[in-house]
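A.B. asks: Take a look and give me a structure for this.
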Amino acid sequence: MRKMVTLTLPSEIVDELLNHLYDGVGVWKNTEEYLASGSVVTPCVVAECSSVRKARKMMRLYEETISLIENKVGKKHCEPL
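C.D. replies: Next up is the predicted model:
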């Protein structure tokens, strides 16, 4: 069973957290692509990881976290510009 934590944060901190989580999804997506194909199309950031499975797991974790936060604060797909 997951241990649950309740946080109360200022909205600007939540927005900043979401921005960083979106960035993290991109990094794990790049990492998955690199590990699966051996290359990436454009210069990008990849995480230190040796497993496509691990990269996908981390990407899903970030996406789940984003979804949970957005549902709590009433935002949907508010990716930063």
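A.B. asks: So, low pLDDT: which residues of this structure?
C.D. replies: Within the chain, the stretches with pLDDT under 70 are 76-81.
A.B. asks: Quick one: the helices in it, in order.
C.D. replies: Along the chain, counting by DSSP state H, helices occupy 11-37, 52-73.
A.B. asks: can you put these in JSON lines and add mean neighbour count?
C.D. replies: For glycine as for every other residue, the C-beta is placed from the backbone atoms N, C-alpha and C. Formatted as JSON lines, those follow (neighbours: other Cβ atoms under 10 Å):
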{"stretch": "helix 11-37", "mean neighbour count": "16"}
{"stretch": "helix 52-73", "mean neighbour count": "15"}
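A.B. asks: Turn these into TSV, including distance to residue 45.
C.D. replies: Output for the helices of the chain, formatted as TSV (distance: least, Cβ to Cβ, whole Å):
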stretch	distance to residue 45
helix 11-37	5
helix 52-73	13
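A.B. asks: Of these, which is nearest residue 2?
C.D. replies: Residue 2 sits nearest to helix 52-73 of all those, at 11.2 Å, using Cβ to Cβ.
A.B. asks: State the distance from the nearest residue to residue 24 once chain neighbours are set aside to residue 8.
C.D. replies: Counting by Cβ to Cβ, 6 or more residues apart in numbering, residue 62 is the residue found nearest to residue 24 once chain neighbours are left out, at 4.7 Å. Relative to residue 8, residue 62 is positioned 22 Å away (Cβ to Cβ, to the nearest Å).
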